[in-house]
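how would this look folded up:
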Amino acid sequence: MRFDVITLFPELFAPFLAAGVTRRAYESKLVDVRLWNLRDYAEGNYRRVDDRPFGGGPGMVMMAAPLEKCLQAIRADQADARPVVLFSPVGRRLDHAAVERWSASDGAVLICGRYEGIDQRFIDRHVDLQISLGDFVLSGGEIAAMALLDAVARLQPGVLNDEGSHAADSFNPALDGLLDCPHYTRPEHWAGAEVPAELMSGHHAQIERWRREQRLALTARERPDLIEAARAAGRLSAADLAFLLTPDKKRL
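So this is what the prediction gives:
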């Protein structure tokens with residue numbers, strides 16, 4: 001898959017693409033990331049990409065013409081046109097289901113906005129989908145683009161050291177959309193706290209039941225909406241439902 005990123009700050013991506021386990025996806029081109037500096041497609045000595053908003057108000061607005069010119073260059077370089085995505089507070093919130101769809105796609109053109117926003121005429125003419133990370137505002141779309149790229153890259157075959165790692169992630173359908181359970185490692189005793197006895201038992205069925213209960217308890221406490229979604233979809237067993245009725249959601 002190929003992701004073309006339109007940005008005013010391509011240098012922000014260099015360490016991101018070269019570090020961590022997901023770099024395998026970028027180096028192997030399983031996730032082919034191509035950076036396009038928007039200023040290369042602006043006119044004038046100052047390569048201006050923004051101007052004052054009509055109607056007044058604070059800040060600046062990214063101009064439509066440089067964005068369209070850059071997009072045209074990307075289209076000329078692509079064998080097949082991919083959807084254009086803008087990271088914006090008005091977009092659909094990115095979730096695991098969307099990441100899974102993107103991980104099996106051909107990619108997209110990712111637009112990293114800056115300033116007060118982008119000329120609406122460009123959005124109306126060219127943008128296919130808007131994505132948000134949540135109900136907060138970033139200085140630009142670069143961090144959001146990196147979040148999407150990272151989430152997609154780690155789902156590619158051979159990227160993680162253990163192929164089963166992402167199957168145990170929070171929100172994964174393999175866990176019925178629940179949050180993941182707490183994890184522990186050596187030493188067994190640390191700062192007056194011990195590893196739960198169930199994890200030290202060597203009894204696989206007991207360990208799996210403990211992990212299931214921890215996922216249920218944590219999700220019920222922090223994200224009850226996920227519990228309701230799992231219940232509505234019929235993904236909770238009778239034992240799960242009985243556990244959720246216990247008053248203390250034991251051991252959490």
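
Quote the end-to-end distance of stretch 96-114.
End-to-end span of stretch 96-114 (CA to CA, to the nearest Å): 26 Å.

just stretch 105-124 next, same as before
Criterion CA to CA; first-to-last residue distance in stretch 105-124 is 23 Å.

do stretch 137-144 as well
Stretch 137-144 has an end-to-end distance of 10 Å (CA to CA).

Averaged pLDDT, it. What do you get?
Averaged across stretch 137-144, pLDDT comes to 96.

Buried residues, that stretch. List them.
By 16 or more other CB atoms under 10 Å, the buried positions in stretch 137-144 come out as 138, 140, 141, 142, 144. For the C-beta atoms, the positions are set from N, CA and C on the backbone; glycine is no exception.

Then stretch 87-104?
87, 88, 91, 94, 96, 98, 99, 100, 102, 103.

what's that stretch in contact with?
Around stretch 87-104, the neighbours that count as contacts under CB atoms under 8 Å, 6 or more residues apart in numbering are 108, 110-113, 117, 129-135, 137, 141, 144-145, 147-148, 151-152, 155-156, 169-172, 177.

pLDDT weak spots in the protein?
161-168, 249-252 (pLDDT under 70).

show me where it has helices.
Taking DSSP state H, the helices of the chain run over residues 13-18, 23-27, 64-77, 96-103, 120-126, 142-153, 197-200, 204-222, 224-232, 238-244.

So which of the buried residues of stretch 87-104 is the closest to residue 232?
Of all the buried residues of stretch 87-104, residue 96 has the smallest distance to residue 232: 17.1 Å, by CB to CB.
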